[in-house]
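Asks: Okay, structure incoming, though there's no sequence with it:
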Ligand SMILES: Nc1ncnc2c1ncn2[C@@H]1O[C@H](COP(=O)(O)OP(=O)(O)OP(=O)(O)O)[C@@H](O)[C@H]1O
Ligand SMILES: [Mg+2]
């Protein structure tokens, strides 16, 4: 019989004062809605393309909740035991009874050892679970979440305890993030799971927020951050089918400028080449431009703003 369950999972404590986190009106609005839904007891789900701030906002909300945080990244290889726990090894129990000197009684038992995994630990202790990119896990691996979110009960496979279930702590909160389904390596979230959470759709930030983020993350002056963001946003509008560069592209270009003490000017070859490298990895998605002409599109955009 196993009385006590062990776990190797340790939560992280996120400082609620995150320097470099930009809280523009748009970001504050999203945070407020999300906090309200969590307060009302609902899990939330940030859904949107790459680089739209899903993970960053999730971490900041978790920091505000103030409880320890368990981070989980969706993975196609996950099975129930990776999320809930399983039998990882054995425990040996030996009892030696030498009560009467001439009689030695010994009883040795080997029993499977159950180890709690992340979701179980979060449910048990009322931690905040951030399940990043949860649609990368196969839907059946996420099945245990259905009863956790609805009945507040975690069904445990036989072996962990006699009860076979665990009552979820009232302080337990979940924040999911995912990219929309057209991305490779992603499973369609099962409807029953999606039905239990409130989805907030995120898209690329507004211009002012992007400028503030680029400026804060790189330390370049505001007018230069503005130029970089104008270039990224205009290029994004030109992308028809391919990958739309996110705020990350802006942060990259600005950090290179800052690190090399360079300026965003049309006559600065280093800057122009950085823009080529950062932006033109997906060349065939640019509107009415055959492959190879994308550099001309970038040069035209740079000339428009610098
Ligand atoms: N409000 C913000 N303040 C400061 N930086 C931010 C903010 N939102 C996003 N960022 C920065 O923008 C980049 C992209 O954000 P994040 O990683 O959260 O996006 P994501 O939507 O999770 O992307 P992915 O789908 O690729 O995981 C990161 O470098 C992050 O630090
Ligand atoms: Mg992310």
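Replies: Now that the structure is in, tell me what you want to look at. A quick note: this is a predicted structure, and the numbers were derived from the prediction, not measured. Numbering: from 1, shown residues only. Ligands and ions are numbered 1, 2, ... in the order given.
Asks: Quick check, residue 298 in contact with residue 274.
Replies: No. Contact status for residue 298 versus residue 274: not in contact, 10.5 Å apart, counting by CB atoms under 8 Å. (Glycine included, C-beta is placed from N, CA and C.)
Asks: got the residues of the stretch 101-250 of the chain near ligand 1?
Replies: 179, 213, 217, 247-248 (CB under 6 Å from any ligand atom).
Asks: Can you turn the buried part of those residues into a PyMOL selection?
Replies: The following PyMOL selection, which keeps only the buried ones among those, applies the criterion 16 or more other CB atoms under 10 Å:
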select buried, resi 179+213+217+247
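Asks: quick one: contacts for residue 198?
Replies: The neighbourhood of residue 198, defined by CB atoms under 8 Å, 6 or more residues apart in numbering, consists of 37, 42-45.
Asks: which of those residues tops the neighbour count?
Replies: residue 45 (26 neighbours; other CB atoms under 10 Å).
Asks: Enumerate every residue touching the nearest residue to that residue once chain neighbours are set aside.
Replies: Of all residues not flanking residue 45 in the chain, residue 176 sits nearest, at 4.1 Å (CB to CB, 6 or more residues apart in numbering). By CB under 8 Å, 6+ apart, the contact list for residue 176 reads 43-46, 131, 134, 197.
Asks: do the same with residue 86
Replies: Counting by CB under 8 Å, 6+ apart, residue 86 touches 80, 114-115, 117, 157, 159.
Asks: Three-state assignment for it, please.
Replies: Here residue 86 is strand, with the state taken from DSSP: H, G, I helix; E, B strand; the rest coil.
Asks: Give me the secondary structure label for residue 154.
Replies: Per three-state DSSP, the secondary structure class of residue 154 is strand.
Asks: can I assume it is in contact with residue 123?
Replies: Yes. Assessed by CB under 8 Å, residue 154 is found in contact with residue 123 at 5.1 Å.
Asks: hey, what's in contact with both of those two?
Replies: Common contacts of residue 154 and residue 123 (CB under 8 Å, 6+ apart): 148, 166, 168.
Asks: how about the last one, phi and psi?
Replies: In this case it means residue 168. The phi/psi pair for residue 168 (degrees, to the nearest 10) reads phi -80, psi 130.
Asks: so it touches residue 152, yeah?
Replies: Yes. Applying CB under 8 Å, one finds residue 168 in contact with residue 152, separated by 4.3 Å.
Asks: Of these two, which one has the most company?
Replies: Per other CB under 10 Å, whichever of residue 168 and residue 152 has more neighbours is residue 168, with 20 against 15.
Asks: Enumerate every residue touching the more buried one.
Replies: Shown in contact with residue 168 (CB under 8 Å, 6+ apart): 123, 148, 152-154.
Asks: Give me the buried subset of the residues you listed.
Replies: Applying 16+ other CB under 10 Å to the contacts of residue 168, the neighbour count classes 123, 148, 154 as buried.
Asks: could I get those as TSV with pLDDT?
Replies: Supplementary listing: these in TSV, determined by pLDDT from 0 to 100:
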residue	pLDDT
123	95
148	96
154	92
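Asks: and of these, the nearest to residue 185?
Replies: The shortest separation between residue 185 and any of those is 24.9 Å, and it belongs to residue 148 (by CB to CB).
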